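# I need the structure of the sequence given here:
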Amino acid sequence: VIVLMSQDALPRNCRWLARLVEPFTDPSVAATFSRQVPHATAKPMEKYFYDTHFPDGAPVRRVMHEERDLGFQDVFFSNVSSAIRRDILLRYPFDEGVIMSEDQQFARDVLKAGFTTVYQPKSEVIHSHNYSLKNVFQRYFDSCYSLTKIFDGHDTGESARIGLTYLCKELRFMLRHHPLWLPYYFCFVCARSLGTLAGHHAERLPRSMARAFSMHKYHWDASAKSKVKPVANPDGTDCSID
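From the prediction side, this is the model:
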């Protein structure tokens, strides 16, 4: 089992790893990921994001649905703190061609192959960001651009519906619990929405503009891309490394 953790995440207690690997008693489980608890100093919008996307409760299994295509919620996965069967990761490596969200791409691939992913909230790590408004725009630009690649130019309407539903719930939370943050929250929503919209149309933008909008500017640097060389994994599958 390969365990991944971002450099800015911290186990919340000594049971983090034991809980994370518990679901592997089921051979159909390819990967698991932890609950993320925001720092006490996180902005209200960040706290709402993590409380919504990484709630407490029972483990959540995600599987392929034959009656419909995979959507955003189906492939939701985070390698901020995750565990993956080694043989599965070798067969379905992260795609280093995407600007970010390679964990969502991985989840998509293993679900399509018939495996299961599990959100394990009993495994907890402390993790959150305090982005500036500029960083918020850049983050959502990169995120939405990556999803257009992972879902082969997914429907903008679906993205808008998901975003509006989330926004309405988030706004109620802000009005009820953090009314003094509303002026900043308005600016935050504008930055997030503009970044999302621009990300959906990233490939139509001049490369120089896309690079300026992006948090991961190296992705748009042709010279950096030329340094990526394919290598073979032990089982014969290809991946790319710098």
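# list of residues touching stretch 196-203?
137, 140-145, 147-148, 156, 159, 163, 205, 210, 213 (Cβ atoms under 8 Å, 6 or more residues apart in numbering). (C-beta placed from N, C-alpha, C; glycine too.)
# in helices only, show me those residues.
137, 140-145, 147-148, 156, 159, 163, 210, 213 (DSSP state H).
# distance of the residue located most distally from the centre of the chain relative to M174?
Distance from the C-alpha centroid of the chain peaks at L180, with 29.3 Å (Cα atoms, centre = their mean). To M174, L180 is 10 Å away according to Cβ to Cβ, to the nearest Å.
# again, but for A107
For A107, the distance to M174 - Cβ to Cβ - is 30 Å.
# same deal with I150?
30 Å.
# looking at A107 and M174, which one has more neighbours?
Per other Cβ atoms under 10 Å, whichever of A107 and M174 has more neighbours is A107, with 27 against 21.
# what are the buried residues along whichever strand or helix holds that one?
Per DSSP states H and E: A107 is located in helix 102-112. Neighbour counts over helix 102-112 (16 or more other Cβ atoms under 10 Å) mark 102-111 as buried.
# kindly report the same for stretch 135-146.
Those would be 136-146, for stretch 135-146 by 16+ other Cβ under 10 Å.
# what's the answer for stretch 127-135, then?
In terms of neighbour count (16+ other Cβ under 10 Å), stretch 127-135 has its buried residues at 127-128, 131.
# contact partners of it?
Residues contacting stretch 127-135 (Cβ under 8 Å, 6+ apart): 6, 8-10, 36-39, 41-43, 46-47, 50, 80-81, 139, 187-188, 191, 215.
# that's a strand at E124, yeah?
Yes. Under DSSP: H, G, I helix; E, B strand; the rest coil, E124 falls within a strand.
# how close does it get to Y218?
32 Å.
# look at those two and report which has more neighbours.
E124 (22 against 13).
# pretty sure the more buried one contacts A9?
No. Counting by Cβ atoms under 8 Å, E124 does not reach A9; the two are 10.2 Å apart.
# now the common contact residues for the two.
Q36.
# in this protein, where is pLDDT below threshold?
65-68, 153-158, 222-242 (pLDDT under 70).
# ok, now with 50
223-224, 226-242 (pLDDT under 50).
# for it, which segments count as helices?
16-21, 44-53, 86-91, 102-112, 133-150, 156-177, 182-200, 207-213, 222-225.
# can you give me the angle the fourth one makes with helix 133-150?
It refers to helix 102-112. 30 degrees (axes from the mean of the first three to the mean of the last three Cα atoms, to 10 degrees).
# which strands or helices does helix 102-112 pack on?
For helix 102-112, the elements it packs on are strand 29-37, strand 116-126, helix 133-150, judged by 3 or more Cβ pairs under 8 Å, 6 or more residues apart in numbering; DSSP states H and E.
# please name the nearest non-neighbouring residue to Y166.
T52 (7.5 Å; Cβ to Cβ, 6 or more residues apart in numbering).
# of the helices and strands packed on helix 102-112, which is nearest V63?
Ranking those by proximity to V63 (Cβ to Cβ) places strand 116-126 first, at 5.3 Å.
# now do the closest one: distance to the chain's middle.
With Cα atoms, centre = their mean, to the nearest Å as the basis, strand 116-126 stands 14 Å off its chain's centre.
# do the same with stretch 81-97
15 Å.
# what's the span of it, first residue to last?
End-to-end distance for stretch 81-97: 22 Å, by Cα to Cα, to the nearest Å.
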